[in-house]
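Participant: Sequence plus the predicted model coming up.
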Amino acid sequence: MVSDTLRESVLALGMSRTRTTLCIVCRSGRTGLITGILLAIARAGGETAPLLFTAMWSDAWPTRYFSQPTANLPVLINEYATNSPYDEVQAMGWGAALLITAAILGMNIVSRIFFREKKHG
């Protein structure tokens with residue numbers, strides 16, 4: 001959260017509101033913004049229950065996105081990893097679970113490296 005005094009002091013120096021928002025507020029609050037974005041992506045990646053209870057599922061590739069059901073990763077994991085009698089299909093389901101976990105972990109690592117605070121020596 002950016003303090004009001006910082007915002008007011010920059011405006012008092014004559015900087016426009018747009019430039020203040022882009023240059024000062026976004027830089028000061030970037031860690032909070034990045035945290036919020038990463039939490040939203042992680043939550044969207046793990047939103048399994050609504051998809052399992054409300055979404056229709058099809059294993060076919062969609063040709064019409066708005067008129068046919070479409071496969072999604074959480075439902076695929078549930079169907080393949082827990083409901084399949086075949087070992088190969090179960091392995092595909094657990095691989096899909098690993099894919100979601102690795103994607104979220106990768107985004108967290110990249111964001112930490114990219115937005116690391118530079119220490120002045």
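Facilitator: Cool, got the structure.

Participant: C-terminal to the lowest-mean-pLDDT helix or strand in the chain, which secondary structure element comes first?
Facilitator: When the helices and strands of the chain are scored by mean pLDDT, DSSP states H and E, helix 49-54 comes last with a mean of 61. Of the helices and strands lying after helix 49-54 in sequence (DSSP states H and E), the nearest is helix 73-77.

Participant: immediately after that next one, which helix or strand?
Facilitator: helix 83.

Participant: List the buried residues for stretch 15-32?
Facilitator: 20, 24, 25 (16 or more other C-beta atoms under 10 Å). Heads up, the C-betas are built off the backbone N, CA and C, glycines and all.

Participant: Now render these as TSV, adding distance to residue 111, pLDDT and secondary structure.
Facilitator: Listed next are the buried residues of stretch 15-32 as TSV, based on distance: C-beta to C-beta, whole Å; pLDDT from 0 to 100; DSSP: H, G, I helix; E, B strand; the rest coil:
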residue	distance to residue 111	pLDDT	secondary structure
20	25	82	helix
24	21	79	helix
25	20	76	helix
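
Participant: Sort out which one of the residues you listed lies nearest residue 2 for me.
Facilitator: Nearest to residue 2 among these, counting by C-beta to C-beta, is residue 25 at 5.0 Å.

Participant: measure that closest one to residue 32 for me?
Facilitator: Distance, residue 25 to residue 32, by C-beta to C-beta, to the nearest Å: 11 Å.

Participant: and what of residue 106?
Facilitator: For residue 106 relative to residue 32 (C-beta to C-beta), the value is 21 Å.

Participant: residues touching the residue positioned nearest the centre of the chain, list them.
Facilitator: Centroid-nearest residue in the chain: residue 41, 1.4 Å away (criterion: C-alpha atoms, centre = their mean). Residue 41 is in contact with 104, 107, counting by C-beta atoms under 8 Å, 6 or more residues apart in numbering.
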